[in-house]
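Colleague: sequence and predicted structure, then a few things I'm wondering about:
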Amino acid sequence: MLKRIAITGPESTGKTQLAEDLASYFRANRVPEFAREYFEGKQGDYTIEDILAIAKGQLAEEEKLAANTTGILFCDTDITVTKIWSQVVFDNCPDWISEMFVQHRYDLYLLCYPDLEWEDDPLRENPTDRLSLFELYQEELENAGFNYAVVKGRGEQRLENAINFVKRLTDERS
């Protein structure tokens, strides 16, 4: 039975690296972050419609991979990211995103804590408020009653913590 694991959290908290490392460790498929592909070559400011398109694209890519995956599917970002992103930037969240946040559940959410150094990137914009953003993520996951674990640490320790959370999930549901 397929187990979907979302890697979520604020910017520059190691989501992509963690998703890659977990997929490699567990020899599993990984859904890349759709926003990077979406914004490649895009000019100008983004809109809430762009965030909605990213949410839909992310889920479409996930569904494509899920159709041919057994075992574990690691998702580099999830609908939580677009929900919080639209709320913080536009003080509004499209209904579709809010609905999918509740409907499209994962077996486990790995919430990345902002204890890593900020890495500059043209697509990133919140270097100073990652902790307050982390708290928004945690509040959303908690209020929804989702199964989540906070991933902390640096380097191998961070990966080992995440591996242990995944192993607990797979051991209890085997």
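Modeller: Cool, got the structure. Numbers count the residues shown, from 1 in each chain.

Colleague: what secondary structure does Ile7 sit in?
Modeller: Following DSSP: H, G, I helix; E, B strand; the rest coil, we place Ile7 in the strand state.

Colleague: now do it against Thr77, distance only.
Modeller: As judged by Cβ to Cβ, to the nearest Å, Ile7 and Thr77 stand 7 Å apart. No exception for glycine: its C-beta is placed from N, CA and C like everyone else's.

Colleague: who touches both of the two?
Modeller: Common neighbours of Ile7 and Thr77, using Cβ atoms under 8 Å, 6 or more residues apart in numbering, are Lys15.

Colleague: more neighbours, the two?
Modeller: Higher neighbour count among Ile7 and Thr77: Ile7, with 31 against 25, using other Cβ atoms under 10 Å.

Colleague: ok, what's across the strand from that one?
Modeller: For Ile7, the beta-bridge partners are Asp76, Leu110 (DSSP bridges).

Colleague: who are the neighbours in contact with it?
Modeller: 15-16, 18-19, 22, 74-78, 110, 112.

Colleague: just those residues now: which is nearest Leu65?
Modeller: Leu65 lies nearest to Cys75 out of those, by Cβ to Cβ, at 8.7 Å.

Colleague: I figured the closest one was touching Val31, is that so?
Modeller: Yes. Between Cys75 and Val31 there is a contact under Cβ atoms under 8 Å: 4.5 Å.

Colleague: quick check: neighbours shared by the two?
Modeller: 19, 58, 62.

Colleague: hmm, Arg158 and Lys152 touching each other?
Modeller: Yes. Using Cβ under 8 Å as the test, Lys152 is close enough to Arg158 to be in contact (6.9 Å).

Colleague: and those two? which has more neighbours close in?
Modeller: Arg158 (21 against 16).

Colleague: since that was my last question, I'll sign off now.
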